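> with the sequence up front, the predicted model follows.
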Amino acid sequence: MQEKVKEWLEQGRVDIFLGYKMVEGHPLPHSFTKDNIDEVKDLVTSSARYSLEKIATKIAAQKPDIKIGLIARDCNERALNVLHIWKQLNSDNIETINVNCCPSRIKEHADCSYLEPEKPGAYKKTVGIENNADVEDIEKFSQEELFKRWMYELQKCIKCYGCRDICPVCFCKECTMDSPELVATGGDLPPEVPIFHLVRAVHMGGRCIDCGLCEDACPVDIPLRMLYRKVNGIVADVFDYKTGVSADQSPFNILGEKVTLQPKPI
Amino acid sequence: MFVIGSNTTACHPLVARRIIRAKEKGAKLIVADPRNIQLSLFADVSVNQRLGSDVALLNGMMHIIIKNGWHAEEFIAQRCEDFDEMKAVIEAYTPKKVEAITEVSTQDLEKMAELYATNSPAGLFYAMGITQHTTGVDNVKSCCNIAMLCGNMGVRSGGVNPLRGQNNVQGACDMGGLPNVFTAYQPVTDPAANEKFSKAWGKKLSDKAGLTITDMVAAMDDGKLKALFVIGENPRLSDPDLHHFDHALKKLELLVVQDIYMTETAREADIVLAGTTVAEKDGTFTNSERRCMKVNKAIEPVGESLSDWEILCKLSTAMGYEMSYNSPEEIFNEMTSLTPSYAGMTYERLGINGIPWPCPNTEHPGTPCLHKDRFTRGKGKFHAIEYLDPAEMPDDDYPFFLSTGRMFAHFHTGTMTRASQHLHDEQKTGYVQVCPEDAEKLSFKDGEIVKLSTRRGEIEVPVKISGMVKPGVLFLPFHFAENAANMLTNSAFDPIAKIPEFKVCAAKIEKAA
Amino acid sequence: MDYKNIPSVCSYCGCGCGVLFQVMDGRLTGTLPLKTHPVNEGRLCIKGWNLHEHATSDRRLTSSMIKKDGQLQGASLDEAVKTTAERLKGIIDQYGPDSVGVLASAKVTNEENYLIQKITRAVIGTNNVDHCARL
């Protein structure tokens, strides 16, 4: 991989390559360029997952024509598809080096909550929702019970907005979660339950690529991944739209008619 | 886990994460706070003790623990002293007496005592809700009493855990930013320590303890303190009595403020020195768990500002004492050579993870857990403590209890957070929490601007109707200069710690004229 | 295009969470939680996520100031430092070192706090140094 990245940078196939570098024992996201080509020998794949594609989006917003290479697992690939569809990244300017989606079940090789499920605590098991359960697993509960369990989970929220801030496909300049008309700002914790999280969940339908970074960033372990998976499942059922699976299908043409990002006059 | 006087999810969110995780794994949680805080929702038992009644509450718990024989007799016998003196005082704190003072029912008190004493190890967590009282030291000692009583000291997941309010308040204390001690709490009055520092710095140093911040304000007012040099603080908002502070400030001949913003204090200064934020310098911070960690310069200083350490070196040199450090690392190395608890630390060893002190030599891994086999002072001393009322209690003229504190999106005097767009958007101005019952009685609407007054002064502030507070209690966040809490708070302070009673005073609330 | 992540520590509360400052062409553009940090394990609160904003705020003081004719006016740092030194020395000469008080800070680094108390004790010559631990 290091050879390939070196070659890409030297030949100008990419201007910048986003990977990881070990710094004082910690894998940190790092940008490799032609100017610091010697650093490429320190390039590693990381157990810790940072959203390299979100960094790429940030860079591309500043320099639209820059060619960016990055290490990509399956989830990164799905995110790149969504970002392309939503015109946040031009896929012509993106090159990826694919790496295994954490094949090992050894903790050191993955913080992906898919692969290394943490055992749910005894108390959480009785009142909450397990972080790594499937949608089907929890649908065994009655509606009433399920609602109670979700309310328990959402009441833990400390309103860090980390689920949004870390999300690779959250790129809106104006976010509904900041809109006081929909969700009250300030005041006490928790934020309005369950509205705060439902507003975000609705916006994740057709957008979420199920990377789980939100859940990994949640200080209080709310099973966000499942919440969005459920919403996305509805989108998949109704529109036969599988988010991020390809760059060809887009939410703008799922109804058969091509619509554009330009708002239509009412 | 026993959380008392800490709104952890708002003020120490990443500690709250650990508390909630432990709870989900099966640990028991006791929350005692005058308000219904977010953590109360998850507690096995949650009580709202009357403001300022913590000593009575803790004594009441200990009364029940001793009566039931739940105390750690062996630990007390081997590692503590003066237990009998304390026990004699505790005897009188019957549940009935405690209920009369704290408004906590006997049933809840018994449950708290049982949960704390019978689920070892139990960690006790507190913040300014314990310390900012005229009985702050008594409150802290009572926390230590109950932890020792149940043998919860020197064990992992146990202990008495003060949650420090500022990122480097631990470091500022460790570095000798206190009037009576050099680094690592070496007393200025100790001849050996004084000689060590005198020799290292090449100057004969004063062996007379200096003035605390509270004493400095008094000395300013008396005309004895002529110059004040303030670095990275905003006492015009953080001092308990703004009127008194401003009055004293006018008597100064020189006020120098070194800061990153034009704070309320800087506006009054004769000279303002532009310092830098954490993003613009190298150095170290020491967090609540005594973990000394490195920060790294990310960007160049903004405008013509300069790293605070460089400004200080220039100032010292200009005053005739040459300081020519090339880097914070050089300063750190000089500091560690004089500071036993930091002696084994180097920038290289700290890395990203940092090291908790004491770390006496370069092979030492650091100490995550203090008082393991013996207390630092030898035996753990029990203190016999009687409950005392706060300095000011509600009366006919000022019938409400007023407490102050932080809310989740802002920090301290708001200078940093109000300059941050996202945090400002979250909460733009101050408010006073009033419970629904009181709001109805006073016919307040949510958001209505009301007059809030105490014997010190009055402010206008919007009402936030909130179930967090109980009838008769008001809560005012202190981040907002336009609704300054320190126009109202009481400057009465703890006789030993000199900490002001920010958490309790008597207030009146009424419709704005 | 130069993009860097600089590991650091949050400067709000006493938790001491590990962060990464995102720096693009010398500008601070964001804060990320340090995923493998022992304190926060890749999580942050609302203040931590927005840590960069307090540094890049347009409220920042970009130059030192000296009060002239009752008004604070822009001055070079060297001039401000020189004036501070002269006026402090004047007060020390006239009233003695104990007429000066210094407030150290729970916001600046250990190294800076060390220097503050060193200057107070060795240069000014008093132990009148305290900070806001009590407030």
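Yep, it's here. Residues are numbered from 1 along each chain as shown, chains lettered A, B, ... in the order given.
> pretty sure residue A:13 sits against residue A:68.
No: between residue A:13 and residue A:68 there is no contact, the gap being 10.8 Å when judged by Cβ atoms under 8 Å. All C-beta atoms are positioned from the backbone trio N, CA, C, and that covers glycine.
> and these two? which has more neighbours close in?
Taking residue A:13 and residue A:68 together and counting by other Cβ atoms under 10 Å in any protein chain shown, residue A:68 has the greater number of neighbours (26 against 14).
> what's next to stretch C:83-101, contact-wise?
Taking contacts as Cβ atoms under 8 Å, 6 or more residues apart in numbering or on different chains, the residues outside stretch C:83-101 that touch it are B:206, B:210-211, B:216, B:219-220, B:224-229, B:253-254, B:256, B:270-271, B:273, B:315, B:318-320, C:66, C:75, C:120, C:124-126, C:128-130.
> so of those, which ones are in strands?
With strands taken from DSSP state E, the overlap with these comprises B:227-229, B:254, B:256, B:271, B:273, C:66, C:75, C:129-130.
> poorly predicted segments of chain B, please.
Along chain B, no part satisfies pLDDT under 70.
> who in it is up against chain A?
Within chain B, the positions adjacent to chain A are B:9-10, B:13-14, B:16-17, B:20-21, B:23-26, B:38, B:41-42, B:351-353, B:407-409, B:422, B:425-428, B:431, B:433, B:464, B:466, B:468 by Cβ under 8 Å from any Cβ of the partner chain.
> next one: chain C
Counting by Cβ under 8 Å from any Cβ, chain C comes close to chain A at C:1-5, C:7, C:20, C:22, C:24-25, C:29-30, C:32-37, C:42-46, C:48-49.
> which residues of chain C score low on pLDDT?
Across chain C, residues meeting the criterion (pLDDT under 70) sit at C:133-135.
> so what are the domain limits for it?
Here the domain assignment for chain C is C:3-56, C:61-95, C:96-135, based on automatic domain parsing.
> most tightly packed of those?
Highest mean neighbour count of the domains of chain C: domain C:96-135, a mean of 26 (counted as mean count of other Cβ atoms under 10 Å in any protein chain shown).
> next SSE downstream of the longest helix seen in chain C?
For chain C, the helix that runs over the most residues, judged by DSSP state H, is helix C:77-95. Counting by DSSP states H and E, the element after helix C:77-95 in chain order, helix or strand, is strand C:100-103.
> next SSE downstream of the helix or strand bottoming out on mean pLDDT in chain A?
Ranked by mean pLDDT, DSSP states H and E, the helix or strand of chain A with the weakest confidence is helix A:135-138, at a mean of 84. Past helix A:135-138, heading to the C-terminal end, the next element that is a helix or strand (DSSP H and E) is helix A:143-155.
> which residues are contacting that next one?
Contacts to helix A:143-155, defined as Cβ under 8 Å, 6+ apart, come from residues A:127-129, A:138-139, A:141, A:190, A:193-194, A:196-197, A:222-223, A:227, B:38, B:41-42.
> these also near chain C: which ones?
Of the entries in the contacts of helix A:143-155, none also sits close to chain C under the rule Cβ under 8 Å from any Cβ.
> ramachandran coordinates for the spatially most central residue of chain B?
Centroid-nearest residue in chain B, with Cα atoms, centre = their mean: residue B:128, separated by 4.3 Å. Backbone torsions of residue B:128, given as degrees, to the nearest 10, read phi -70, psi -20.
> swap in residue A:65?
When read as degrees, to the nearest 10, the backbone of residue A:65 gives phi -100, psi 0.
> quick one: residues contacting the closest residue in space to it that isn't next to it in sequence.
In space, residue A:65 comes closest to residue A:93 once its chain neighbours are excluded; the distance is 6.9 Å by Cβ to Cβ, 6 or more residues apart in numbering or on different chains. Residue A:93 is in contact with A:60, A:65-68, counting by Cβ under 8 Å, 6+ apart.
> and the gap between residue B:471 and residue A:56?
Counting by Cβ to Cβ, to the nearest Å, the gap between residue B:471 and residue A:56 amounts to 55 Å.
> of the two, who's got more company?
When residue B:471 is set against residue A:56 and neighbours are counted by other Cβ under 10 Å, the residue ahead is residue A:56, at 27 against 11.
> strands of the stretch 1-150 of chain A, residue ranges please.
Secondary structure of the stretch 1-150 of chain A, counting by DSSP state E, counting those that start in this stretch: strands at A:16-23, A:26-33, A:43-44, A:68-72, A:94-98.
> okay, now the unreliable bits of the stretch 1-150 of chain A?
By pLDDT under 70, the weakly predicted segments of the stretch 1-150 of chain A are A:101-117.
> residues of it that sit close to chain B?
Within the stretch 1-150 of chain A, the positions lying close to chain B (Cβ under 8 Å from any Cβ) are A:23-26, A:120-124, A:128.
> redo that, cut-off 10 Å
Taking Cβ under 10 Å from any Cβ of the partner chain as the measure of proximity, the stretch 1-150 of chain A contacts chain B at A:23-26, A:28, A:118-128.
> emit the PyMOL select command for whichever of these are buried.
Entered in PyMOL, the line below selects the buried ones among the residues of the stretch 1-150 of chain A next to chain B, by 16 or more other Cβ atoms under 10 Å in any protein chain shown:
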select buried, chain A and resi 23+26+28+120+121+123+124+128
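> so which of the residues of the stretch 1-150 of chain A next to chain B sit within helices?
Applying DSSP H to the residues of the stretch 1-150 of chain A next to chain B, the entries found in helices are A:122-127.
> quick one: these as a markdown table, columns for distance to residue A:247 too.
What follows is these, written out as a markdown table (distance: Cβ to Cβ, whole Å):
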| residue | distance to residue A:247 |
| --- | --- |
| A:122 | 44 |
| A:123 | 43 |
| A:124 | 38 |
| A:125 | 40 |
| A:126 | 44 |
| A:127 | 42 |
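> mind checking which of the residues of chain B next to chain A are in helices?
The subset of the residues of chain B next to chain A that ends up in helices is B:9-10, B:13-14, B:16-17, B:20-21, B:23-24, B:422, B:425-426, with DSSP H as the criterion.
> re the thing from before, scan the contacts of residue A:93 and report the most crowded one.
Neighbour counts for the contacts of residue A:93 were taken using other Cβ under 10 Å; the highest belongs to residue A:68, which has 26 neighbours.
> and the spatially closest residue to that one that is not a sequence neighbour, what does it touch?
Residue nearest to residue A:68 in three dimensions, not counting chain neighbours: residue A:56, with 4.8 Å by Cβ to Cβ, 6+ apart. By Cβ atoms under 10 Å, 6 or more residues apart in numbering or on different chains, residue A:56 lies in contact with A:16, A:18, A:31, A:66, A:68-70, A:76, A:79-80, A:83, A:88-89, A:93-94, A:168, C:3.
> pull out the buried members of the residues you listed.
By the neighbour-count criterion of 16+ other Cβ under 10 Å, the contacts of residue A:56 include these buried positions: A:16, A:18, A:31, A:68-70, A:76, A:79-80, A:83, A:88-89, A:93-94, A:168, C:3.
> in contact with residue B:319, which residues?
Under the contact definition (Cβ under 10 Å, 6+ apart), the residues listed for residue B:319 are C:81, C:84-86, C:88-89, C:92, C:119, C:123-124.
> ok, 7 Å please
C:85, C:88-89, C:123 (Cβ atoms under 7 Å, 6 or more residues apart in numbering or on different chains).
> report how many residues lie close to the closest residue to chain B within the stretch 151-266 of chain A.
Per Cβ to the nearest Cβ, the residue of the stretch 151-266 of chain A with the smallest distance to chain B is residue A:186, at 3.4 Å. Around residue A:186 there are 20 other residues, counting by other Cβ under 10 Å.
> what score does the closest residue to chain C within the stretch 101-250 of chain A have for pLDDT?
When Cβ to the nearest Cβ is the measure, the stretch 101-250 of chain A has its nearest residue to chain C at residue A:219, with 4.1 Å between them. What the model reports for residue A:219 is a pLDDT of 96.
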